[in-house]
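Visitor: Okay, predicted coordinates and the sequence, questions at the end:
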Amino acid sequence: MTQRKGFLSLGAFLYPSGHHIAAWRHPEAKADAGIDFRHYIELAQAAEAAKFDLIFLADGVGTRGDNVDFLSRTAHSYQAQFEPITLLSALAAVTQRIGLVATASTSFNEPYHIARKFASLDHISGGRAGWNLVTSSSAHEARNFNREEHFAHADRYERAGEFADVVAGLWNSWEDDAFERDKAGGRFYDPDKRHVLHHRGKHFSVQGPLNVSRPPQGHPVVVQAGSSEAGRELAARTAEAVFTAQQTLEDAVVFYADIKGRLARYGRDADDLKILPGVFPVVGRSESEAKEKFEQLQSLIDPVVGLALVSGLTGGFDLSGHPLDGPIPPLPETNASKSRQQLMIDLARRENLTIRQLYQRVAGARGHWQLVGTPGQIADQLEERFVHHGADGYNIMAPTLPGGLTDFIALVLPELRRRGLFRSEYEGRTLREHLGLKRPAHPAPAARKAIAGAREATPLSVPAAG
């Protein structure tokens, strides 16, 4: 294949028992994984030993729906798992190099809270924090935060844009060397290097400054997951990594070019943002072994759970009145995840899938890229998408945990390394260094230098003799 400079990036997307909708029912899975801290320690340390760039935790601040029959049969509804920033702060103490990325919503938080928490995580971890910025898509989350309905799609992205700007401003409350802590001189910080935000906008009023010193990375890495038009534009302006879902190489290449093509108008370079699609790999030492592993998981899907999964992914509309062996009915545009709804509809139409076939098709990866095969076959497809500029790396969604991650590390990583596609050792210590992202400079020193230069270049006016 065509050579492409550099290694691809890898994230380990940790979903308690695994990403398959029936993973918690697998004989080797831990049904109580979501509240087992030792389980997460073992996963994080395994990913770090394998030299993954990061671990990633998704989150929601409400369960997915009111269907108790469905909720009682699934572990995929944020019903029994840790709050992610708390968990990553604990994992920072038992890891040394791997990045720590958590999801936090701009719809149900305040910018000061998010800026402070992720700045703290960056300090605790020595520069390994990342914030996955989401706007949330569920009315059930909204009802936990004094709202009967969620914000309209356009409104929540407008809010998210201002939210991101405020957080970035708060992370610049202090210059890197503001805190002198001079015991002899009696000065804790340099007042000239303290910057109060004084933000007044449509959605937020935030004075500042942040009561945490500037993070080791300058800013924690900002990740974004939306693929709608509004999500793409927000990512191009504010994000440094994008988690996304495309089913085909062609779609991946188009998405990659679209996002990268938007960066220049914000004064950004193509390498300032990494595109990391989700990949659900079921790997076996032979094709038959891989297929057997996959079919074992598929056999555990409860039809009630499968139907509810498709209903959620296609916009949150009730499909229970439609036959499982019939097609997806025409659906109105959703106020939830527009990009995921369109992806599901396109997949069903392209492959002529019934509702039952669609939930079987997406039960593993919820619309992300699904690969079932040998280490060589999976490496071939990962390499193809990477070298054709459809991805800068991947967020690995193990079908079961810990087994699916262990299989990928033991079987696929050696093949990627043999091809020169993945590191054998870390070269840096921070998440930015792993991803090849620049550390953002504080704007104040450059501004002071520019002012001083302008003064030097402007001669003093001398009054004319009288």
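Guide: Arrived safely, thanks for sending. Please read all numbers here as calculations on a predicted model, not as lab measurements.
Visitor: top helix in the protein by residue count?
Guide: Longest helix in the chain by number of residues (criterion: DSSP state H): helix 153-171.
Visitor: tell me what it is packed against?
Guide: With contacts taken as 3 or more C-beta pairs under 8 Å, 6 or more residues apart in numbering; DSSP states H and E, helix 153-171 sits against helix 111-125, strand 129-134, strand 199-200, strand 205-206, helix 229-238. Where you see a C-beta, it was placed from the backbone N, CA and C, and this is true even at glycine.
Visitor: could you give the angle of it to strand 129-134?
Guide: In terms of direction (axes from the mean of the first three to the mean of the last three C-alpha atoms, to 10 degrees), helix 153-171 departs from strand 129-134 by 160 degrees.
Visitor: Buried residues of helix 153-171, list them for me.
Guide: For helix 153-171, the neighbour count (16 or more other C-beta atoms under 10 Å) marks 153, 156-171 as buried.
Visitor: how about the nearest residue to residue 390, chain neighbours excluded?
Guide: Nearest residue to residue 390, sequence neighbours excluded (C-beta to C-beta, 6 or more residues apart in numbering): residue 252, at 3.2 Å.
Visitor: again, but for residue 368
Guide: The nearest residue in space to residue 368 (C-beta to C-beta, 6+ apart) is residue 278, at 3.5 Å.
Visitor: check which helix or strand covers that neighbour.
Guide: Using DSSP states H and E, residue 278 falls within strand 274-283.
Visitor: what's around residue 270, how many residues?
Guide: 14 (other C-beta atoms under 10 Å).
Visitor: For it, grab phi and psi.
Guide: With angles defined as degrees, to the nearest 10, residue 270 sits at phi -60, psi -30.
Visitor: contacting residues for it?
Guide: Contacts for residue 270 (C-beta atoms under 8 Å, 6 or more residues apart in numbering) come out as 260, 263.
Visitor: again with the one 10 residues further on
Guide: Contacts for residue 280 (C-beta under 8 Å, 6+ apart) come out as 19, 20, 364, 365, 368, 369, 370, 371, 397, 399.
Visitor: Tell me how many other residues surround the nearest residue to it once chain neighbours are set aside.
Guide: Counting by C-beta to C-beta, 6+ apart, residue 280 lies nearest to residue 365, which is 3.5 Å off, once chain neighbours are set aside. Neighbours of residue 365 under the rule other C-beta under 10 Å: 21.
Visitor: how close does the residue nearest to residue 368 sit to residue 228?
Guide: Noted for residue 278: a distance of 17 Å to residue 228, by C-beta to C-beta, to the nearest Å.
Visitor: related to what we said a few turns ago, just the CA coordinates for the longest helix of the chain, please, in PDB.
Guide: These are the backbone C-alpha positions of helix 153-171, laid out as PDB (Å, rounded to 0.1, in the frame of the first residue of the first chain):
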ATOM      1  CA  HIS A 153     -30.100  20.700  18.100                       C
ATOM      2  CA  ALA A 154     -29.000  24.100  16.700                       C
ATOM      3  CA  ASP A 155     -29.300  25.800  20.100                       C
ATOM      4  CA  ARG A 156     -27.300  23.200  21.900                       C
ATOM      5  CA  TYR A 157     -24.400  23.500  19.400                       C
ATOM      6  CA  GLU A 158     -24.600  27.300  19.600                       C
ATOM      7  CA  ARG A 159     -24.300  26.900  23.400                       C
ATOM      8  CA  ALA A 160     -21.500  24.300  23.000                       C
ATOM      9  CA  GLY A 161     -19.500  26.800  20.900                       C
ATOM     10  CA  GLU A 162     -19.600  29.500  23.500                       C
ATOM     11  CA  PHE A 163     -19.000  26.900  26.300                       C
ATOM     12  CA  ALA A 164     -15.800  25.700  24.600                       C
ATOM     13  CA  ASP A 165     -14.600  29.300  24.200                       C
ATOM     14  CA  VAL A 166     -15.200  30.000  27.900                       C
ATOM     15  CA  VAL A 167     -13.400  26.800  29.000                       C
ATOM     16  CA  ALA A 168     -10.400  27.700  26.800                       C
ATOM     17  CA  GLY A 169     -10.400  31.200  28.200                       C
ATOM     18  CA  LEU A 170     -10.400  29.900  31.800                       C
ATOM     19  CA  TRP A 171      -7.500  27.500  31.000                       C
END
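Visitor: Show me the contact partners of it.
Guide: Here helix 153-171 makes contact (C-beta under 8 Å, 6+ apart) with 106-107, 111-112, 114-116, 118-119, 131, 133, 135-136, 150-151, 197, 199, 201-204, 206, 208-210, 214-215, 218-220, 222, 226, 228, 230-231, 234, 237-238, 335, 338.
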